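[1] build me a model from this:
(2 chains)
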Amino acid sequence: MAGTNTMTKDPILKVDHLSMRFGGLMAINDLSFEAYRGDITALIGPNGAGKTTVFNCITGFYKPTMGMITMRQKAGKEYLLERMSDFEVNRDAKVARTFQNIRLFSGLTVLENLLVAQHNKLMLASGYTVLGLLGFPAYKKAAAQSIEQAKYWLDKANLTDRADDPAGDLPYGAQRRLEIARAMCTGPEFLCLDEPAAGLNPRESLVLNQLLRSIRKDTGTSILLIEHDMSVVMEISDHVVVLEYGQKISDGNPDHVKNDPKVIAAYLGVEDDEVEEVFEQIEEIAVAAPGETPK
Amino acid sequence: MANMTNTPESAGSNLMARALREGFYAGLVALGLFVLFVGLKTDQNILNELILVQRWGLLAIFVVIAAVGRFLSVAFIRPYLAERKAEKAAAPVKDANFFVRNFSMIAIAVLIVYPPIMVGLFGFQGSLKWVDNFGIQILIYVMLAWGLNIVVGLAGLLDLGYVAFYAVGAYSYALLSSHFGLSFWILLPMAGIFAALWGVILGFPVLRLKGDYLAIVTLAFGEIIRLVLINWTAVTKGTFGISGIAKASVFGIWSFDVSATNNFAKVFGLPMSSSYYKIFLFYLILALCLLTAFVTIRLRRMPIGRAWEALREDEIACRSLGINTVTTKLTAFATGAMFGGFAGSFFAVRQGFVSPESFVFLESAIILAIVVLGGMGSLIGIAIAATLMIGGTELLREMEFLKHIFGPDFTPELYRMLIFGLAMIIVMVWKPRGFVGSREPTAFLRERKSVSGSFTKEGHG
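    Numbering: from 1, shown residues only, chains lettered A, B, ... in the order given. Below you'll find the model as predicted:
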């Protein structure tokens, strides 16, 4: 494996021998990889490679057939995610996620979306509703704090002007940003984004890149993202894992992955008469991304 | 046509001329169309000869209807609609007037002075009908619908067996008061707690189901409770029901039992009348309703209330945010059931008699219809819907004049389901989200904008 510089880093998420079988279909087959603390890790692969299945296994929405997923928090506490149910993965292990097809609470306002994300914190502050219902000041304080927190993320996602509008009324790009902001309001250490740039125009992708970078810089949250948009992947990720047919075919920094013949074959196919084209494509990618040495 | 006063005079006369002209043309067209169809009819006479029957009178009616209809449409109805449309377009966010802004406060004030006004108008005996049949009856359904609103309107869980919790509350009071002699004020909270407990017992296995499946299982639960009440005769006396249920007292200070020494009328030296008790019950159910509304409004601003609404919008997203959806659904079920239980114990105290007949599926359906008609999640809309539906039923009983039209055997209340069905269809076509379709946000940064009903979801489980 290339990318030896990352090997010295501290892994936040370790996926070991993960397999997921749907009836006769092996969606993921003996997949192992690591995501490092403070990194932006990209999970790429052709359609149907099993990327979203990996996400669903990590975030507890699927129970994997085999394997182990270990999440190590900053404080050193370890969680075996495959044993936890979906909401515990977020509540206890501090892993947040977004969805490929945006799942906002469209009838709630943007601000309310961000307040719902702080549910567990507020439940505790309101004494499981009882104290809050009786009007204890502790809840009022916590509620004010949660609005401050929401404001912070509204500002980051550039949504402050739309705070009191229903989430369903936002344009598509803003909905994507809101979903990320909402996930961040749960206070995660590890953020999983399922195709955050899907359907965004180049300008919006750029804004998204900035948002992801600033999330990493300001909160130290590690990010794992699935993405098809190579301009996003190559631009912001520190570490790329490539899947095909549920198996890992490449793993390393973006440069390494970009030039890996297996990756090229997976993406472009390797018919004899297409080999020429393949090399041309590589040239193009190399030229498109500045500061890289062409093959 | 009062709206004509709004249009300027000159435009009015011009319009009138046009309307008259168009009315005339419409009459002409109708004459041309119907003269052969309606005006003349072929028939056989007694000798089996073909004859032509002339029906000029009928033809005239057709022509007049067409002409007058066209005239009215052009002169009054269309300008009125256009004006309203223009008004709406001109001022899309017009400031609501005083009445609309303070509707709930005004409504509460009216309800508080309602019994004295009725007594003033109809005397103690005459006010019974208005306070009891209209006031208390409507308020019971308001409370039930507000309770169900938590489950259906906020959390988006379709519950077709809500009446089961109403029954649990009613029988809790009836049984515990007749066996142990406990007072209403002890049993009211207990009835709520029992109903909530049953809500949890039912909810725990059932809430893993979604949508239609959940609806069917809750429907079955409602029937199970009713069948148990019918068949467990040793405890519930089956279909005979439990009668002679003790009346409530004013916190144990004044009683409404005729024989008691601290009888309300005796203490204050008033003439004996059953209407004091009814007026007391009216204020009691009003207080219970206000409690329900207060708790619901407070809960919506709590994290649990927001989680309910989030659950209605998207359950998977809720789980991805670390919200335990099972406990969240259970609390919604239990809270809704608790208010059903309160209403049930009040029902038992008011009737003095409970039997399984009061808790049939139709009751659940009516309560659900009120919630849907009012606008899911909206307290004011639901209160209006309850007033219309339950008040409408009672009004039908009052419509004695219909007997003069349809004959003495006509009982208008038998047609109430027909009328309700029609009314619901009309309302749902006209306002698909119920009377109040928009939703008030629970928190805001700069200004409180209500969320249009087109964004909110109905829930799916």
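
[2] what are the buried residues along stretch B:39-55?
    Residues residue B:39 are the ones in stretch B:39-55 that count as buried (16 or more other Cβ atoms under 10 Å in any protein chain shown). Glycine gets a C-beta too; all of them are placed from N, C-alpha and C.

[3] CA atoms only: put it into PDB for me.
    Provided in PDB are the C-alpha atoms of stretch B:39-55 (Å, rounded to 0.1, in the frame of the first residue of the first chain):
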ATOM      1  CA  GLY B  39     -91.100  22.500 -25.100                       C
ATOM      2  CA  LEU B  40     -92.500  19.700 -27.300                       C
ATOM      3  CA  LYS B  41     -93.000  16.100 -26.300                       C
ATOM      4  CA  THR B  42     -94.300  13.200 -28.300                       C
ATOM      5  CA  ASP B  43     -96.700  11.000 -26.500                       C
ATOM      6  CA  GLN B  44     -99.500   8.500 -27.100                       C
ATOM      7  CA  ASN B  45    -103.000   9.200 -26.400                       C
ATOM      8  CA  ILE B  46    -105.600   6.800 -25.300                       C
ATOM      9  CA  LEU B  47    -106.200   5.700 -28.900                       C
ATOM     10  CA  ASN B  48    -102.600   4.900 -29.300                       C
ATOM     11  CA  GLU B  49    -102.200   7.900 -31.600                       C
ATOM     12  CA  LEU B  50     -99.000   9.800 -31.600                       C
ATOM     13  CA  ILE B  51     -99.700  13.300 -30.300                       C
ATOM     14  CA  LEU B  52     -97.500  16.400 -29.600                       C
ATOM     15  CA  VAL B  53     -97.700  17.600 -26.000                       C
ATOM     16  CA  GLN B  54     -96.800  21.200 -25.600                       C
ATOM     17  CA  ARG B  55     -95.000  22.200 -22.400                       C
END
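
[4] write out the residues of the stretch 201-350 of chain B neighbouring chain A.
    Residues of the stretch 201-350 of chain B lying near chain A by Cβ under 8 Å from any Cβ of the partner chain: B:295, B:298-299, B:302-304, B:306-307, B:309-310, B:312-314, B:316-325, B:331.

[5] please indicate which of the residues you listed are buried?
    Neighbour counting by 16+ other Cβ under 10 Å classes B:295, B:299, B:302-304, B:306-307, B:309-310, B:312-314, B:317-325, B:331 among these as buried.

[6] pull out the buried residues from the helix or strand where residue B:367 lies.
    Per DSSP states H and E: residue B:367 is located in helix B:361-374. For helix B:361-374, the buried set under the neighbour-count rule, 16+ other Cβ under 10 Å, comprises B:363, B:364, B:366, B:367, B:368, B:369, B:370, B:371, B:372, B:373, B:374.

[7] and the strands in the stretch 101-250 of chain B, which stretches?
    Applying DSSP state E, counting those that start in this stretch to the stretch 101-250 of chain B gives strands spanning B:242-243.

[8] return the per-residue confidence for the single nearest residue of it relative to chain A.
    For the stretch 101-250 of chain B, the residue closest to chain A is residue B:156, as judged by Cβ to the nearest Cβ, at 10.1 Å. Residue B:156 carries a pLDDT value of 87.

[9] number of residues surrounding the closest residue to it other than its chain neighbours?
    Leaving aside its sequence neighbours, residue B:156 sits nearest to residue B:459 (Cβ to Cβ, 6 or more residues apart in numbering or on different chains; 1.7 Å). Residue B:459 is flanked by 24 other residues according to other Cβ atoms under 10 Å in any protein chain shown.

[10] what helix or strand is residue B:459 located in?
    Going by DSSP H and E, residue B:459 is not in any helix or strand.

[11] take the residues of the stretch 201-350 of chain B next to chain A and keep only those in helices.
    Members of these lying in helices (criterion: DSSP state H): B:295, B:298-299, B:303-304, B:306-307, B:309-310, B:312-313, B:316-320, B:325, B:331.

[12] OK, contacts around the residue nearest to residue B:156?
    For residue B:459, the contact set (Cβ atoms under 8 Å, 6 or more residues apart in numbering or on different chains) comprises B:152, B:155, B:156, B:157, B:158, B:311, B:312.

[13] now look at stretch A:93-108 and say if it contacts chain B.
    Yes - legend: contact between stretch A:93-108 and chain B by Cβ under 8 Å from any Cβ is shown at A:96, A:97, A:98, A:99, A:103, A:104, A:105, A:106, A:107, A:108.

[14] pLDDT, secondary structure and neighbour count added to the residues you listed, as TSV?
    Shown next, in TSV, are the residues of stretch A:93-108 next to chain B (pLDDT from 0 to 100; DSSP: H, G, I helix; E, B strand; the rest coil; neighbours: other Cβ atoms under 10 Å in any protein chain shown):
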residue	pLDDT	secondary structure	neighbour count
A:96	90	strand	26
A:97	90	strand	27
A:98	91	coil	25
A:99	90	coil	21
A:103	90	coil	20
A:104	89	coil	23
A:105	90	coil	28
A:106	87	coil	20
A:107	86	coil	26
A:108	89	coil	28
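
[15] what residues go with each domain of chain B?
    Split into domains by automatic domain parsing, chain B comes to B:2-90, B:103-398.

[16] any idea how far residue B:308 is from chain A?
    10 Å (Cβ to the nearest Cβ, to the nearest Å).

[17] wait, I meant residue B:413
    In terms of Cβ to the nearest Cβ, residue B:413 sits 38 Å off from chain A.

[18] so that residue touches residue B:395, yeah?
    No - in this structure residue B:413 lies outside contact range of residue B:395 using Cβ atoms under 8 Å: 9.6 Å.

[19] got the residues of the stretch 151-295 of chain A near chain B?
    A:151, A:154, A:160, A:163-169, A:182-183, A:186.

[20] which two among these are spaced furthest apart?
    Greatest spacing in these, by Cβ to Cβ: A:169 and A:186 (23.2 Å).

[21] shaky segments in chain A?
    Applying pLDDT under 70 to chain A flags residues A:1-8, A:270-282, A:285-295.

[22] quick check: domain ranges of it?
    A:1-94+A:189-295, A:103-186.

[23] out of the ones you listed, flag the one nearest residue B:176.
    Closest of these to residue B:176 is domain A:103-186, at 25.5 Å (criterion: Cβ to Cβ).

[24] skipping adjacent residues, who's closest to the residue of the stretch 151-300 of chain B found nearest chain A in space?
    Relative to chain A, the nearest point of the stretch 151-300 of chain B is residue B:298 (5.6 Å; Cβ to the nearest Cβ). Spatial nearest neighbour of residue B:298, excluding adjacent residues (Cβ to Cβ, 6+ apart): residue A:133 at 5.6 Å.

[25] wait, that neighbour sits on residue B:299?
    Yes - taking Cβ under 8 Å as the definition, residue A:133 is a contact partner of residue B:299 at 7.1 Å.

[26] list residues touching both of the two?
    Taking Cβ under 8 Å, 6+ apart as the contact rule, residue A:133 and residue B:299 touch no residue in common.

[27] dump the residue contacts of whichever residue of chain A sits closest to chain B.
    Among all residues of chain A, residue A:107 sits closest to chain B, at 3.1 Å; criterion: Cβ to the nearest Cβ. Residue A:107 makes contact with A:166, A:167, A:168, B:309, B:312, B:313, B:439, B:451, B:455, B:456, B:457, according to Cβ under 8 Å, 6+ apart.
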